[in-house]
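J.: Need a 3D model of the following:
(one chain, ligands or ions: 2)
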Amino acid sequence: MATLTADATDRSVPRAVRQMMPMARDVVEAIAVQNGVCVRPVPLRRIDTHTGRSEIIDVPCGATLEAKCPSCARRNRHLRMAQCREGWHLDEEPAPSPNGPDDYQRHLVELRADLQAWRDREHAAGREVADIDHALTDLDIEINQAGMRGSVVGPATPRRKRSTKRRQDAPDLPRRARRNTTLGRTFTAPDGKVYRPSMFITLTLPSYGRVNGGVPVDPDSYDYARAARDALHFSKLVDRFVQNLRRVAGYDVQYFATVEPQKRLAPHLHMAVRGTLPRAEVRAIVAATYHQVWWPPCDKVRFEGDHLPVWVERSERSDGTPYPDGQSGDYLDPETGEILSTWEQALDRLDQDDEAEPLHVLRFGSQVDVQGVLAGSKDSDQCIRYLSKYLTKNIGDALDPDNPAQRAHAERLADALRFEPCSPSCPNWLRYGIQPKHAKASMLPGRCRGKAHKPEHLGYAGRRVLVSRKWSNKTLAEHKQDRRLWVMEALGLLNTPADDPRRYTWRPVASNDPDVPPIGLRLLRSIAERHRWRAAMNRLQTAADGPDLSATESREAA
Ligand SMILES: [Zn+2]
Ligand SMILES: [Zn+2]
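T.: Ligands and ions are numbered 1, 2, ... in the order given. As a prediction, this is how the structure comes out:
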């Protein structure tokens, strides 16, 4: 016990004992987590346009990016569980969703605009912008998650019209006549009791080779290339499944799903579905569902190692036509000087080629699990806990760090993903002789910073929680409101004068900015603030429960 009370600055205490003492920083972090305070806050500079004063404000990591810290992850998980519970067994149509951006959305878009301006300035000054680009990508994802559809920048070129042969065929499945409802069927028992069953579906990807304890029995024959492409495009396959499910079910099926890693490091899907279909029918839909990836071929490596395309900055194309939005040059073949095909040209060529095959076709594996679940049952609660089990973790956290065989397996998968294009704008397209969409200087194949290539994401860059639009609007609004209040509180926007909502502008700050206090200090301030805030809430609560306020209410009502 003596070690606990010993003075860490007392040199007479043996070094070994002093080393056993907890690091002050770790203690602060632990207290922060206990208080639900974000421990990986993102500092932003808030500039008051009235006074010109600026100050650093911490935004919880869970509000700007995917939750990275335990506090934000836990908070998000609880919000998600509540959201899942609300929508699953609805017996009334949810209210139509409100339109128009709320303040939080507006804030994000303004932040996006500021960040873009900052990026352009840095770029014009010849400085490195890869990190800003990365932040922009993350922010765009956040903007979409805040319930705004499409891209802030808008499509650079008019939407492509694919030729009809490229259209994904609807599989040959029975169709029910469409009813305009999001609610499933009810069943009446002989005793008159009405049941409204729902479903819990688990879908997996196919086998890439035998595994034992999550590790391939024969790594050399394990199909890593296929595993990599399946993971990259998994979310599209899920979209197809939902489309097919709705066609067959004949109503506007609603779902709440999470994407989680299996031990073999492939993504799989748990889906709470409102309403029910016969199990055999769900299986038939899963078996018939596929997704074709109509991307240019990337089986032939044209450039690698030191032999890479060179970038030429120009104000307009050599044929005098302007560049598409966001581009200011071209990649050329280093030997011949030939301009490489742009992304659009490569797609056009694909459209005109009658022999062309899709780059990849995805299907689900034969492992399908369908459970019927009744509202309010123990099963229902268990499924919700199961659904959100992994939400506080990265896909790659399924990895056991003490298992060398699994580590080797993860490394082989990461290798397979290294040169696989993750999106139309992935620098890896250069390896196959195609300029990525929005091509810009210093793109290097194998060095894409996209999420999909990162070891902790294992090829899946999509959202971890997929919720259909009419799952439960009521709670979705509440859920957003909660999140918005949280963010606005953190940003100090709650004190923004109503007469000028645009009083503040926001700038990102570098982590080594001398104006950003040390993290320990920032955490201590947040903890103190949380205590103050909680005390204020308690006072309000007590006041609301007291006789005075209810008297006021009844007076107002009268
Ligand atoms: Zn956080
Ligand atoms: Zn990429």
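J.: From the centroid of the protein, which residue is nearest?
T.: residue 463 (3.4 Å; CA atoms, centre = their mean).
J.: Hmm, residue 238 and that residue touching each other?
T.: No: Residue 463 is beyond contact range of residue 238, at 10.2 Å (criterion: CB atoms under 8 Å). All C-beta spots, glycine's among them, are computed from the backbone N, C-alpha and C.
J.: residues in the protein within reach of ligand 1, list them.
T.: Contact residues, the chain versus ligand 1 (CB under 5 Å from the ion): 38, 40, 60, 61, 62, 69, 72.
J.: burial count for the last one?
T.: In this case it means residue 72. 25 (other CB atoms under 10 Å).
J.: just the fourth one next, same as before
T.: Using other CB under 10 Å, residue 61 has 19 other residues around it.
J.: Look at the closest residue to residue 366 other than its chain neighbours and tell me its secondary structure.
T.: Ranked by CB to CB, 6 or more residues apart in numbering and with sequence neighbours excluded, the top spatial neighbour of residue 366 is residue 206, at 7.4 Å. With DSSP: H, G, I helix; E, B strand; the rest coil as the basis, residue 206 sits in coil.
J.: Can you read off the pLDDT for residue 206?
T.: For residue 206, the model assigns a pLDDT of 97.
J.: same question, the one 4 residues further on
T.: Looking at residue 210, its pLDDT is 96.
J.: what about the nearest residue to it once chain neighbours are set aside, neighbour count?
T.: Excluding the flanking residues, the one nearest residue 210 by CB to CB, 6+ apart is residue 217, at 4.4 Å. Using other CB under 10 Å, residue 217 has 11 neighbouring residues.
J.: Quick check: neighbours shared by residue 463 and residue 238?
T.: residue 259 (CB atoms under 8 Å, 6 or more residues apart in numbering).
J.: In terms of helices and strands, where is residue 287?
T.: helix 279-288 (DSSP states H and E).
J.: which outside residues touch that helix?
T.: 171-174, 199, 201, 203, 241, 244-245, 248, 364, 366, 368, 370.
J.: Residue 271 should be in a strand, yeah?
T.: Yes: inclusion of residue 271 in a strand is indicated when three-state DSSP is applied.
J.: Who are the contact partners of it?
T.: 199, 200, 201, 202, 203, 255, 256, 257.
J.: what number of residues lie near the residue lying closest to it once chain neighbours are set aside?
T.: Sequence neighbours aside, residue 257 is the residue nearest to residue 271 in space, at 3.9 Å (criterion: CB to CB, 6+ apart). Residues within reach of residue 257, counting by other CB under 10 Å, total 23.
J.: what do you get for the one 10 residues further on?
T.: Other residues within reach of residue 267 by the criterion other CB under 10 Å amount to 25.
J.: for it, what are its contacts?
T.: So, once contact is read as CB under 8 Å, 6+ apart, residue 267 ends up touching 205, 231, 234, 259, 260, 261, 395, 458, 459, 460.
J.: Give me the subset of the residues you listed that lies in helices.
T.: 231, 234 (DSSP state H).
J.: Of the contacts of residue 267, which pair is most distant in space?
T.: Farthest pair in these (CB to CB) is 260 and 459. Separation: 13.8 Å.
J.: Averaged pLDDT, the helix or strand containing residue 539. What do you get?
T.: Using DSSP H and E, residue 539 sits within helix 519-545. Computed over helix 519-545, the mean pLDDT rounds to 78.
J.: which outside residues touch the host helix or strand of the residue nearest to residue 271?
T.: Secondary structure from DSSP H and E places residue 257 in strand 255-261. The contact list for strand 255-261, computed with CB under 8 Å, 6+ apart, reads 83-84, 87-88, 234-235, 238, 242, 267-274, 387-391, 395-398, 458, 460, 462-468, 471.
J.: Drop anything exposed from the residues you listed.
T.: Using 16 or more other CB atoms under 10 Å as the burial test, these include 83-84, 87-88, 234-235, 238, 242, 267-274, 387-388, 390-391, 395-396, 398, 458, 460, 462, 464-468, 471 as buried.
J.: pretty sure residue 428 belongs to a helix, no?
T.: Yes: secondary structure of residue 428 (three-state DSSP): part of a helix.
J.: residues touching it, list them.
T.: 298, 419, 420, 421, 422, 436, 445, 446, 448.
J.: was I right about the fourth one contacting residue 429?
T.: Think residue 421. Yes: assessed by CB under 8 Å, residue 421 is found in contact with residue 429 at 5.3 Å.
J.: Could you tell me which residues touch both of those two?
T.: In contact with both residue 421 and residue 429: 298, 436, using CB under 8 Å, 6+ apart.
J.: neighbour-wise, which of those two wins?
T.: residue 429 (29 against 26).
J.: gap between that one and ligand 1?
T.: 34 Å (CB to the ion, to the nearest Å).
J.: Just the CA trace of stretch 410-421, in CSV.
T.: The C-alpha trace of stretch 410-421 is given here as CSV (Å, rounded to 0.1, in the frame of the first residue of the first chain):
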residue,chain,number,x,y,z
ALA,A,410,-3.7,-10.3,-42.2
GLU,A,411,-0.5,-9.3,-43.9
ARG,A,412,-1.2,-11.4,-46.9
LEU,A,413,-4.6,-9.8,-47.2
ALA,A,414,-3.1,-6.3,-46.9
ASP,A,415,-0.7,-7.3,-49.6
ALA,A,416,-3.5,-8.3,-51.9
LEU,A,417,-5.2,-5.0,-51.2
ARG,A,418,-2.1,-2.8,-51.8
PHE,A,419,-2.4,-2.5,-55.5
GLU,A,420,-6.1,-3.1,-55.9
PRO,A,421,-8.0,0.1,-56.9
